[in-house]
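1. sequence plus the predicted model coming up.
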Amino acid sequence: MKKKIFVYSLFCLGIILACSKDSDVTPGPIAVDKSANLLATGASANDILSNTNFDKLLIEIAYVNGFRPTNATMDNFETFLRERTFKTDIEFTFTPLSSPNEETLTLQEIADLESDNRTEYNNGSTLAIYIYFADAPSDGDDESEGLVTLGAVYRNTSMIIYEATVRQLAGQSNLISVTDVESATLNHEFGHLFGLVNLGTPPVNDHEDLDAENHCNVQGCLMRAELQFGGPTMKMLESRASKGAVAVPALDAECILDLQKNGGR
């Protein structure tokens, strides 16, 4: 009998040691699958517009300290998203960042900054978007010609707003506010993430500008090429404001028809 008790004791001791050993193991970090957020611009157009694969939008607003977009801009942007998509669950997170201390930024440098700082990626039925508000202008600007870039998209869920340039231009106008320029730029660039024009969302009718690829040829449309560059953008917004119209243009009927065909409103 004593022999049996001794054997049972050893068996129990083995279980205790095994459990203790397992509990001491520290699990490693869980790898985040970023591949679905590293695709070409427009590749997620249908996923953004419809609820087929994703029913929530999580938009990370990363901004250099002192260059956060205005609250009014974010309200306008959310309204734009709800008008054109079927997403009812839209969440914004705000990530303040230190300045990269660059005089200008290339798209590769912007992509590198995203790799270092982005925290939100697609997860389950949540589609994540990353928008960076920079304190430096684009390296492609030509101020002598009045060609400065306000924003750009460079992946299916990635966008930059050159906030320093936006504020500089808005400060030169008595008719247009920072919110006006931010809203026009955000909505225009997000239109490209929607796949406009002919950038992942096929046009129902041909309305692409032959002189400006992936932009609309309909006068007054949000997706006109003028809204990508500073000088032309300011002229367009000021012209509208001087006539008593809302400064920020809306999508024209052709662009809306394209979005509806691809799962949007």
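-> Cool, the structure landed. Numbers count the residues shown, from 1 in each chain.
2. mind listing the helices for this protein?
-> Counting by DSSP state H, one finds helices in the chain at the ranges 2-23, 45-49, 71-84, 107-117, 163-170, 178-193, 230-242, 253-261.
3. and these as TSV, adding distance to residue 133, mean neighbour count and mean pLDDT?
-> No exception for glycine: its C-beta is placed from N, CA and C like everyone else's. Formatted as TSV, these follow (distance: least, C-beta to C-beta, whole Å; neighbours: other C-beta atoms under 10 Å; pLDDT from 0 to 100):
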stretch	distance to residue 133	mean neighbour count	mean pLDDT
helix 2-23	45	9	41
helix 45-49	20	23	98
helix 71-84	10	17	98
helix 107-117	11	15	97
helix 163-170	4	20	96
helix 178-193	9	25	98
helix 230-242	16	18	93
helix 253-261	25	18	98
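4. can you redo those as CSV with distance to residue 215?
-> What follows is the helices of the chain, written out as CSV (distance: least, C-beta to C-beta, whole Å):
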stretch, distance to residue 215
helix 2-23, 59
helix 45-49, 16
helix 71-84, 17
helix 107-117, 18
helix 163-170, 19
helix 178-193, 9
helix 230-242, 11
helix 253-261, 10
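5. which one of these lies nearest to residue 124?
-> With C-beta to C-beta as the criterion, residue 124 lies closest to helix 45-49 of those, at 12.8 Å.
6. which elements pack onto that closest one?
-> When contacts are defined as 3 or more C-beta pairs under 8 Å, 6 or more residues apart in numbering; DSSP states H and E, helix 45-49 packs onto strand 126-133.
7. let me see the mean pLDDT of the strand it packs on.
-> Averaged across strand 126-133, the pLDDT comes to 98.
8. packing partners for it?
-> Packing partners of strand 126-133 (3+ C-beta pairs under 8 Å, 6+ apart): helix 45-49, strand 56-64, helix 107-117, strand 158-161.
9. swap the cut-off to 7 Å and go again
-> Where contact means 3 or more C-beta pairs under 7 Å, 6 or more residues apart in numbering; DSSP states H and E, strand 126-133 is packed against strand 56-64, helix 107-117, strand 158-161.
10. can I get the ones you listed in CSV with distance to residue 92?
-> Formatted as CSV, the helices and strands packed on strand 126-133 follow (distance: least, C-beta to C-beta, whole Å):
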stretch, distance to residue 92
strand 56-64, 5
helix 107-117, 16
strand 158-161, 14
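11. dump stretch 97-108 to CSV, restricted to CA.
-> Extracted in CSV, the C-alpha atoms of stretch 97-108 (Å, rounded to 0.1, in the frame of the first residue of the first chain):
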residue,chain,number,x,y,z
LEU,A,97,3.1,62.2,-33.3
SER,A,98,6.4,64.1,-33.1
SER,A,99,7.7,65.8,-36.1
PRO,A,100,10.0,63.8,-38.5
ASN,A,101,11.9,67.1,-38.9
GLU,A,102,12.0,67.0,-42.7
GLU,A,103,11.9,70.0,-44.9
THR,A,104,9.9,68.1,-47.5
LEU,A,105,8.4,64.5,-47.7
THR,A,106,8.6,62.0,-50.5
LEU,A,107,5.9,59.3,-50.7
GLN,A,108,8.5,56.7,-49.7
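12. centre of the chain to it, how far?
-> Here stretch 97-108 is found 17 Å from its chain centre; the criterion is C-alpha atoms, centre = their mean, to the nearest Å.
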